[in-house]
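**Q** give the three-dimensional model of this entry:
(chains A, B, C and D)
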Number of protein chains: 4
Amino acid sequence: MTIEALTERICAFRDARDWQQFHNPKDMAVAIAAEAGELMQHFVWKTQEQTQQVITDKRAEITDEIADVGILLFELAHNLNIPLAQAMQAKLERNELRYPADKARGNNLKYNEL
Amino acid sequence: MTIEALTERICAFRDARDWQQFHNPKDMAVAIAAEAGELMQHFVWKTQEQTQQVITDKRAEITDEIADVGILLFELAHNLNIPLAQAMQAKLERNELRYPADKARGNNLKYNEL
Amino acid sequence: MTIEALTERICAFRDARDWQQFHNPKDMAVAIAAEAGELMQHFVWKTQEQTQQVITDKRAEITDEIADVGILLFELAHNLNIPLAQAMQAKLERNELRYPADKARGNNLKYNEL
Amino acid sequence: MTIEALTERICAFRDARDWQQFHNPKDMAVAIAAEAGELMQHFVWKTQEQTQQVITDKRAEITDEIADVGILLFELAHNLNIPLAQAMQAKLERNELRYPADKARGNNLKYNEL
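**A** Alright, predicted model coming up:
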């Protein structure tokens, strides 16, 4: 499914409820951070082994939080006239330059530490 | 562009750097929350009018943060075998039930307050 | 009550449970961000008027989230040998220089925008 | 130093700049989450060993972020008439009940999983 088609559906849902008035960029960014916090909440204090257990035990909840972040992110990009797929590709291209495969391979340093 | 095609490109970028070893679900959820925090950071203390100015002045940075959240979110869903588009549609359907258009129209109450 | 006395009590609680092994700085920073996210969650989508209502309706929960952030913050500072009161005072002094009262009065610009 | 004395100093700093008008509870909770996100940002992707290195290399920045969270947290509690030390003690007492030392010792389960 395309990002555009899914974004259309998200906006239709929003408009049927006349919610655009609440969806200013600040409140949307706050909502995205709050949902990302809920996603992260599942892993607080967990060891690597416990993380795998969480994935199994909380699959429905985690799927739900990921969907929430996605729904808000797609709408925010749309509201700001940011073509999301293009922005993501542009960022990947920039990361190709910042993290050349031969220098970045197998390590997790930041580009300014490579 | 489809979510699947973009996800493939993200995973190719990651695998060329042998980064899958670092991309466990916990660290990915933490990274998503951190990037969402950076996106939100642009709007801290801002009034509604200032928010509009931020959108104009910081367009490149905001586009970048949105792309970062998207890239990580697509990969996390993929790593967990969660079909993202389907998960988002399922959540929209659940929200259709939790927020019936006639009850939710024009207000921003939570579903359990409607 | 002093920060030090409260911090001692927090560490006694932790040590009686042998939890220091889990309280590495990364997991503590993640826990602080997650608790701060829960605090923020109460205000997502809320207007200024609704914010006042939230304060009244969710007083116990908000008090609880604030306490959670405080407990973790005090312990993290202690674990890192950072004297919290001194660090906060040093930051206030730095902010005195970055935000001179006559330039910063009545506006919410960042120090680099003044 | 007492929390009260430090809080007085924070409020004096704020009032000299006439900033109370901006410090509504929602914006303060958002600012706390954003600062907590900056603190967490230092540890993103880091392994346990790298976490120790971060503590050494970024000591000043980490001290700064911890101070930022503390300053905002003390003021928010004050603005809401929440006695912070008392709220933290009450939460510790509740946690004493939720996490009995003999059941919680040496494990990181949540109280509802014990």
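
**Q** what residues does chain A have near chain C?
**A** Applying Cβ under 8 Å from any Cβ of the partner chain, we find that chain A lies next to chain C at A:22, A:27, A:30-31, A:33-34, A:36-38, A:40-41, A:43-45. Heads up, the C-betas are built off the backbone N, CA and C, glycines and all.

**Q** of all the residues you listed, which comes closest to chain D?
**A** Using Cβ to the nearest Cβ, residue A:45 comes nearest to chain D of these, at 4.8 Å.

**Q** can you give me the buried ones in the helix ranked longest in chain A?
**A** When chain A is parsed with DSSP state H, its longest helix is helix A:59-79. In terms of neighbour count (16 or more other Cβ atoms under 10 Å in any protein chain shown), helix A:59-79 has its buried residues at A:62-79.

**Q** and the next helix-or-strand element following it, what does it pack onto?
**A** Using DSSP states H and E, the next helix or strand after helix A:59-79 towards the C-terminus is helix A:84-98. Packing partners of helix A:84-98 (3 or more Cβ pairs under 8 Å, 6 or more residues apart in numbering or on different chains; DSSP states H and E): helix A:3-16, helix A:59-79, helix B:3-16, helix B:59-79.

**Q** which one of these lies nearest to chain D?
**A** Nearest to chain D among those is helix B:59-79; the distance by Cβ to the nearest Cβ comes to 10.3 Å.

**Q** report whether the closest one contacts chain A.
**A** Yes: Helix B:59-79 lies within reach of chain A by Cβ under 8 Å from any Cβ, at B:59, B:62-64, B:66-71, B:73-74, B:76-77.

**Q** packing partners for that helix?
**A** Short answer (3+ Cβ pairs under 8 Å, 6+ apart): helix B:59-79 packs on helix A:25-41, helix A:59-79, helix A:84-98, helix B:3-16, helix B:25-41, helix B:84-98.

**Q** by how many degrees do the longest one and helix B:59-79 diverge?
**A** Think helix A:59-79. Helix A:59-79 and helix B:59-79 meet at an angle of 150 degrees, taking axes from the mean of the first three to the mean of the last three Cα atoms, to 10 degrees as the criterion.

**Q** which part of chain A gets nearest to chain C, residue-wise?
**A** Closest to chain C within chain A is residue A:37: 2.6 Å, counting by Cβ to the nearest Cβ.

**Q** now do the contacts for the residue of chain A most remote from its centre.
**A** The centre of chain A is farthest from one residue, residue A:102, which by Cα atoms, centre = their mean lies 27.5 Å away. For residue A:102, no residue meets the contact criterion (Cβ atoms under 8 Å, 6 or more residues apart in numbering or on different chains).

**Q** separation between residue A:107 and residue C:55?
**A** From residue A:107 across to residue C:55, the span is 47 Å (Cβ to Cβ, to the nearest Å).
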